[in-house]
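1. Provided below are the primary sequence and the corresponding predicted coordinates.
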Amino acid sequence: MKVCHTVAECRETLGQYRRASESIGLVPTMGFLHAGHMALVKEAKRHSDRVVATIFVNPTQFGETADLDAYPRNEARDLVMLKEAGVDVVLIPEVADVYPEGDETIVETTRMANMLHGKVRPGHFRGVTTVVARLFNFTQPDVACFGEKDYQQLQVIKRMTRDLGFPIEIIGVPIVREADGLAMSSRNVRLTPQDRQAALVLSRALDAAEVSDAPTVDALRDVIATAISTEPRATLRGLDIVQAETLNTIEDRLSGAVAIMLSVEFGGVLLLDQRVITL
Ligand code: PAF
């Protein structure tokens, strides 16, 4: 596995693969990898001859410097995991390589970035699309894999890719869960043992939603909010029930593919989970 610390070095290596007519799959990450990231690598390997992963804690998608500083990092362990998973190239660029001095270009999906989670995290999705567009240019992959757990992020990236005409297939990879149902996330390590147990209410609430015959948005919202309220350690922070592809609001009756996006806080740690149900 080749580890590149500059974009130029990475371009050079990937250029060799391309000249040999090998296809390239990209797995962008912010490091501190877990089994969810490994599922992205596995999917990228299924779709391409070579896999490049990036590790870059992107400053433009964090609202507060404190969050950026607190973001967990473990590069040595990440590299071991990526190597074991069969990744060919890892790009770990410096901030100045991604955002050169005097940089003034942003990429934004103007509607999708500013709704739902984007309302509570202003600028977050603009930061994501700006960095992902750059990573696409640096690596020029044939496919790129993103987790379905960050459902809005996946839809935003799909829309940006389509709008800008990047010839890249975006692959959404299903959530990887712990044996007890908790969606894997770098944030899980910050939960106390009691909150870790309490957090199972997320998948329970989504299960309840899936088996309910709730005909309307309000009825489905009630099913989920009631399930969350059974857990005293949980504070419901966000519950969005939207059309799965456009993220548009559903006025009343549920039909077609519907995405449920849930965010719940446990002792200061915000956890996300989501499910798409088809009615
Ligand atoms: O999902 C993430 O880890 C990040 O948002 C991404 C896509 C790597 C962009 O920084």
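-> Structure's in. What do you need? Residues are numbered from 1 along each chain as shown.
2. Give me every residue in the chain lying close to the ligand.
-> Residues of the chain lying close to the ligand (CB under 6 Å from any ligand atom) are 28, 29, 30, 58, 61, 128, 131, 132, 150, 153. To be clear about C-beta, it is placed using only N, CA and C from the backbone, and glycine gets the same treatment.
3. Which residue is the nearest non-sequential neighbour of residue 89?
-> Once flanking residues are discounted, residue 89 sits nearest to residue 52: 4.3 Å by CB to CB, 6 or more residues apart in numbering.
4. picking up where we left off before, tell me the one of the residues of the chain next to the ligand nearest residue 213?
-> Ranked by distance to residue 213 (CB to CB), the residues of the chain next to the ligand are led by residue 150 at 28.7 Å.
5. And residue 251, how far from residue 212?
-> Note on residue 251: its distance to residue 212, by CB to CB, to the nearest Å, is 19 Å.
6. Who has more neighbours out of those two?
-> Remark: of residue 251 and residue 212, residue 212 carries more neighbours, 15 against 7, as counted by other CB atoms under 10 Å.
7. Tell me the confidence at whatever residue of the stretch 51-200 of the chain ends up closest to the ligand?
-> Across the stretch 51-200 of the chain, no residue is closer to the ligand than residue 58, which sits at 3.9 Å (CB to the nearest ligand atom). Residue 58 carries a pLDDT value of 98.
8. circling back: looking at this, the residue nearest to residue 89 is in a strand?
-> Yes: counting by DSSP: H, G, I helix; E, B strand; the rest coil, residue 52 is part of a strand.
9. That one contacts residue 27, correct?
-> Yes: look at residue 52 against residue 27 with CB atoms under 8 Å: they come within range, at 7.4 Å.
10. Show me whatever sits in contact with both of the two.
-> residue 87 (CB atoms under 8 Å, 6 or more residues apart in numbering).
11. Could you save the residues of the chain next to the ligand as TSV and add columns showing secondary structure and neighbour count?
-> Shown next, in TSV, are the residues of the chain next to the ligand (DSSP: H, G, I helix; E, B strand; the rest coil; neighbours: other CB atoms under 10 Å):
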residue	secondary structure	neighbour count
28	strand	24
29	strand	21
30	coil	18
58	coil	21
61	helix	21
128	helix	26
131	helix	21
132	helix	26
150	coil	19
153	helix	23
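12. just those: which has the poorest pLDDT?
-> Among these, residue 150 carries the weakest pLDDT, at 92.
13. is it true that that one touches residue 272?
-> Yes: using CB under 8 Å, residue 150 is in contact with residue 272, at 6.9 Å.
14. which residues are contacting whichever strand or helix holds residue 129?
-> Using DSSP states H and E, residue 129 maps to helix 124-139. Applying CB under 8 Å, 6+ apart, the contact partners of helix 124-139 are 7, 10-11, 14, 24, 26, 28, 52, 54, 56, 58-63, 91, 93, 98, 105-109, 112-114, 117-118, 144, 152-153, 156-157, 160-161, 164, 166, 168.
15. Any buried residues in that helix, and which?
-> By neighbour count with 16 or more other CB atoms under 10 Å, helix 124-139 contains the buried residues 124-136, 138-139.
16. Run a quick neighbour tally on residue 92.
-> Residue 92: 18 surrounding residues under other CB under 10 Å.
17. How about the contacts made by the residue lying closest to it once chain neighbours are set aside?
-> Spatial nearest neighbour of residue 92, chain neighbours left out: residue 55 (4.8 Å); criterion: CB to CB, 6+ apart. Contact analysis of residue 55 by CB under 8 Å, 6+ apart lists 29, 30, 31, 75, 78, 90, 91, 92.
18. Then residue 73?
-> So residue 73 contacts 31, 32, 57 (CB under 8 Å, 6+ apart).
19. So which of those wins on neighbours?
-> Scoring the contacts of residue 73 on neighbours with other CB under 10 Å, the highest-scoring entry is residue 31 at 21 neighbours.
20. ok, that residue - contacts?
-> If you count contacts by CB under 8 Å, 6+ apart, residue 31 has them with 55, 56, 57, 73, 74, 75, 78.
21. ok, the closest residue to residue 72 other than its chain neighbours - contacts?
-> With sequence-adjacent residues excluded and distances taken as CB to CB, 6+ apart, residue 72 is closest to residue 32, at 4.4 Å. Contact analysis of residue 32 by CB under 8 Å, 6+ apart lists 71, 72, 73, 74, 78, 186.
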